[in-house]
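Enquirer: Show me the folded form of this:
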Amino acid sequence: PKKHILHAPDLHLIMNFVNSSETFKSSDEAWTPFCMPQFNNKGFLHMYVSYLTPELCLLLVFSKPDNVYFKGHKCKEQILETLKQSGCIPAINASLKQQHYFVGEVKVPGLLHFVYKSNSTSQLTTPSFGPPYSSRKEQKRLFRMYQHIHHRTHSDSKRPHKTYFHFGDFEIMVAWITDGFELYAAFGPLESKTFCITACNDLLRWIKSEENTLFILNSPVW
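Expert: Numbering: from 1, shown residues only. Below is the predicted model:
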């Protein structure tokens, strides 16, 4: 029976590991030992990696190292044939292009950007960059502002700030920390504190309504 849970932190590790390696992208097939600490931090699993298209990667995880490459290759051929016959590959590629969202889709007036962390799932969501953070310079400046308000809300362990406002020349930064979530948001420099609080509540309602698409709420089992 399926009893092993694929935890979100392990899935993030796998995705970052594969995406950051040019070797996997340049090879038709490869395999590597890999540690999934949430599953077992004292051992290794064995991962078969193959890019079916430039944007679509197949990952197969095996518990034993015996013939991983050949078993993986055989499974890949069967999966690839099924995907081709069902016409799923174009649909998957199309969905990959729609995975990002922009702050305008949230429909919260005055909101420029935000980072939301769900403490219960250890996952976060943030929109893709858009104006006024289109340039690399402005994105780095925004990250520094996030770093600043994060430090202000977490540096003092005895009397941590639950809410924090920073009024700058280019934006107003808001941090809101609770047991369930952490919210960091940027608003236009002319907005009021009351406006920002109302907007944050609107943003939280939107995140709640979209949480099934923003987060992995039910971990797969295998």
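Enquirer: And the strands in the chain?
Expert: 30-34, 45-51, 57-62, 111-118, 123-125, 163-167, 172-177, 181-187 (DSSP state E).
Enquirer: what's the last one packed up against?
Expert: Contact here means 3 or more CB pairs under 8 Å, 6 or more residues apart in numbering; DSSP states H and E; on that basis strand 181-187 packs against strand 111-118, helix 136-154, strand 172-177, helix 193-209. The C-beta positions use only the backbone N, C-alpha and C, and glycine is treated the same way.
Enquirer: Need the contact partners of it.
Expert: 110-119, 142, 145-146, 149-150, 153, 171-177, 195-196, 199-200, 203-204 (CB atoms under 8 Å, 6 or more residues apart in numbering).
Enquirer: Now restrict those residues to buried residues only.
Expert: 110-118, 142, 145-146, 149-150, 153, 171-177, 196, 199-200, 203-204 (16 or more other CB atoms under 10 Å).
Enquirer: Quick check, residue 200 in contact with residue 176.
Expert: Yes: the criterion here is CB atoms under 8 Å, and residue 200 meets it with residue 176 at 6.0 Å.
Enquirer: Name the spans of this structure whose pLDDT lies under the cut-off.
Expert: 1-2, 99, 156-159, 220, 222 (pLDDT under 70).
Enquirer: Compare the helices and strands packed on strand 181-187 and give me the one nearest residue 61.
Expert: Go through these one by one with CB to CB and the one that ends up closest to residue 61 is strand 111-118, at 25.2 Å.
Enquirer: Could the C-alpha coordinates of that closest one be exported in PDB?
Expert: Provided in PDB are the C-alpha atoms of strand 111-118 (Å, rounded to 0.1, in the frame of the first residue of the first chain):
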ATOM      1  CA  LEU A 111      -0.700  46.600  -4.200                       C
ATOM      2  CA  LEU A 112       2.600  46.500  -6.000                       C
ATOM      3  CA  HIS A 113       4.100  43.100  -4.900                       C
ATOM      4  CA  PHE A 114       3.900  40.600  -2.000                       C
ATOM      5  CA  VAL A 115       5.400  37.500  -0.400                       C
ATOM      6  CA  TYR A 116       3.100  35.200   1.500                       C
ATOM      7  CA  LYS A 117       4.400  32.300   3.600                       C
ATOM      8  CA  SER A 118       2.100  29.600   4.900                       C
END
